[in-house]
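Asks: this is a predicted model, with the sequence first.
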Amino acid sequence: MSGSSPLADDNQTLRNNSYAVLAKSHGLLPIKVTPFYQKKVDEEVAVLGHFGGPLARTVYPSDDRLQLRAPGEVADWVDDRSNMEDDAKDIFIQKYANRVLFTPTSTCAAHCLYCFRQDVLTEQKIGVRKTIEQQCEVLEWHLLTHPEISEVILSGGDPLTLSFAELQTIFERLSKIKTVTDFRIHTRMPVFSPAALKSDEKLALFAKYNIRIFIHAVHPYEICDEVGELLNRMHAHGIRLYNHFPLLRHVNDNADVLLELMRRLEEYHTRTISIYVPEPIYFSAAYRITYDRMCAIIDEVNARAPSWMNSFRFCLDSPVGKVRRENLKMRDRASHNLVFMRDGQRIDYPDLPEAMDSPGDIKIMLWKMKKLL
């Protein structure tokens, strides 16, 4: 894996170096790109002549990623630590009564520079983690003493960086708890490195335990033939496939991009579940969009999408759970503050000031579509 491109120009090298310093000082994830994804970035850079394309922006820093700051930014918007038990730090997060997020690894195949869990993931990489067996033991006790939990969601990090033996241990042990009826995996591995799943061994394991797999594709060009072939193989094993992803400025902030992504996913048996509001963490302004423009984009997608594609939810994650547009109770346009309510709890969201927002260029975001050029 590499953080450099054979097509990198001097300006991008300087950006990468500046970002490395910023990442170290602010607890951000370093640049990390798989060879598979790097080839896509190289092709994009060769055609566009710059690193401003949608795929490059997902893994390499832009000028605004380095410099733009918005009011109200925090290190950890969803405050994962508040939903971790003291004796289970870095093992699981429980925000909802009926499900738990199991984080057996902090490792990812590559790093998404828009990642909204950077603060926690960077912290988790420091120190020694418990073994998979030890983590399972902690989670098992929690599940046995909380029979209202019916779903375990594997996240991280990326759980598909774990070995077959580690995944087998997790599912064999947790499936013995009768109150747990559903398992889910959240991963970017199919997008970043589909060859990592070239063997059917892991797919057969997922099928055996009826695992739902959520990929996090953010752009239609991530769904190439190789990724599509993997999704077809997963489907052939009986694995249920879903996608959810954030709405990102200059990556997918246009209804045409979102519809093309959803259409490609549908071709490979993958249903779009959620589109997320980008979270206001440190140095995230490069990817954020004003709330009004996000709503306009989502409304256009819903108006244009066929019925089998427009059943997704548009939501914002928070320390107390996900909120939707109907949870918006107040807003102050002068201060850019939006107030959502969930279960009697108030969530104040600092909207991106309109002056900081600029729509992505569709000719850049969909650079392969000649009819747009």
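Replies: That came in fine, so what should we check first?
Asks: can you pull the buried residues of the host helix or strand of residue 38?
Replies: Applying DSSP states H and E as the criterion places residue 38 in helix 35-48. Of the residues in helix 35-48, 36-38, 40-45 count as buried by neighbour count, 16 or more other C-beta atoms under 10 Å. Where you see a C-beta, it was placed from the backbone N, CA and C, and this is true even at glycine.
Asks: okay, those residues in TSV with distance to residue 312 next?
Replies: As requested, these are exported to TSV (distance: C-beta to C-beta, whole Å):
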residue	distance to residue 312
36	27
37	25
38	30
40	25
41	27
42	32
43	29
44	26
45	31
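Asks: now find how far off-centre the helix holding residue 38 is within its chain.
Replies: Distance of helix 35-48 from the chain centroid (C-alpha atoms, centre = their mean, to the nearest Å) equals 21 Å.
Asks: tell me the mean pLDDT over it?
Replies: Helix 35-48 comes out with an average pLDDT of 97.
Asks: gap between the nearest residue to residue 314 once chain neighbours are set aside and residue 259?
Replies: In this structure, residue 314 finds its nearest non-sequential neighbour in residue 298, 4.7 Å apart by C-beta to C-beta, 6 or more residues apart in numbering. Using C-beta to C-beta, to the nearest Å, we find residue 298 at a distance of 11 Å from residue 259.
Asks: related to what we said a few turns ago, which residues touch the helix holding residue 38?
Replies: Contact with helix 35-48 is made by 1-2, 5-7, 33, 51, 53-56, 59-60, 110, 191-195, 221-222, 224, 226, 364, 367, as judged by C-beta atoms under 8 Å, 6 or more residues apart in numbering.
Asks: go with 6 Å
Replies: Helix 35-48 has contacts (C-beta atoms under 6 Å, 6 or more residues apart in numbering) with 5, 7, 51, 53, 55-56, 110, 192-193, 367.
Asks: out of the buried residues of helix 35-48, who's nearest residue 231?
Replies: residue 36 (14.9 Å; C-beta to C-beta).
Asks: mind telling me what element residue 104 is part of?
Replies: Here residue 104 is covered by no helix or strand, with elements defined by DSSP H and E.
Asks: right, and residue 19 touches residue 61 too?
Replies: Yes: at 4.0 Å, residue 19 and residue 61 qualify as touching, with contact defined as C-beta atoms under 6 Å.
Asks: tell me which of those two has more neighbours.
Replies: Using other C-beta atoms under 10 Å, the more surrounded residue of residue 19 and residue 61 is residue 61, with 25 against 21.
Asks: how far away is that one from residue 84?
Replies: Counting by C-beta to C-beta, the separation of residue 61 from residue 84 is 29 Å.
Asks: equivalent analysis for residue 215, please.
Replies: 25 Å.
Asks: and these two? Which one has more around it.
Replies: residue 215 (26 against 18).
Asks: got the phi/psi numbers for that one?
Replies: Torsion angles at residue 215 (phi, psi; degrees, to the nearest 10) stand at phi -90, psi 170.
Asks: what's the answer for residue 91, then?
Replies: Backbone torsions of residue 91, given as degrees, to the nearest 10, read phi -110, psi -50.
Asks: give the contact list for it.
Replies: 135, 138.
Asks: one more: residue 188?
Replies: 158, 216.
Asks: let me know the pLDDT of it.
Replies: On pLDDT, residue 188 comes in at 98.
Asks: kindly report the same for residue 7.
Replies: pLDDT, residue 7: 51.
Asks: also residue 3?
Replies: 47.
Asks: quick check: residue 288 touching residue 352?
Replies: Yes: Residue 288 lies in contact with residue 352 (C-beta under 6 Å); the separation is 4.5 Å.
Asks: distance of residue 161 from residue 117?
Replies: On the measure of C-beta to C-beta, residue 161 and residue 117 end up 15 Å apart.
Asks: looking at the two, which has the bigger crowd around it?
Replies: Using other C-beta under 10 Å as the criterion, residue 161 and residue 117 rank with residue 117 on top: 22 against 19.
Asks: next, the more buried one: phi, psi?
Replies: Main-chain torsions, residue 117, degrees, to the nearest 10: phi -120, psi 30.
Asks: low-confidence bits of the stretch 101-250 of the chain, can you list those?
Replies: Counting by pLDDT under 70, the stretch 101-250 of the chain contains no low-confidence residues.
Asks: hmm, back to that, so which of residue 288 and residue 352 has more stuff around it?
Replies: Neighbour totals were compared for residue 288 and residue 352, and residue 288 leads with 28 against 24 (other C-beta under 10 Å).
Asks: now do the SS call for the residue nearest to residue 105 when sequence neighbours are not counted.
Replies: Excluding its sequence neighbours, the residue lying closest to residue 105 (C-beta to C-beta, 6+ apart) is residue 157, at 4.0 Å. At residue 157 the chain is in coil, as set by DSSP: H, G, I helix; E, B strand; the rest coil.
Asks: please consider this matter closed, and thank you.
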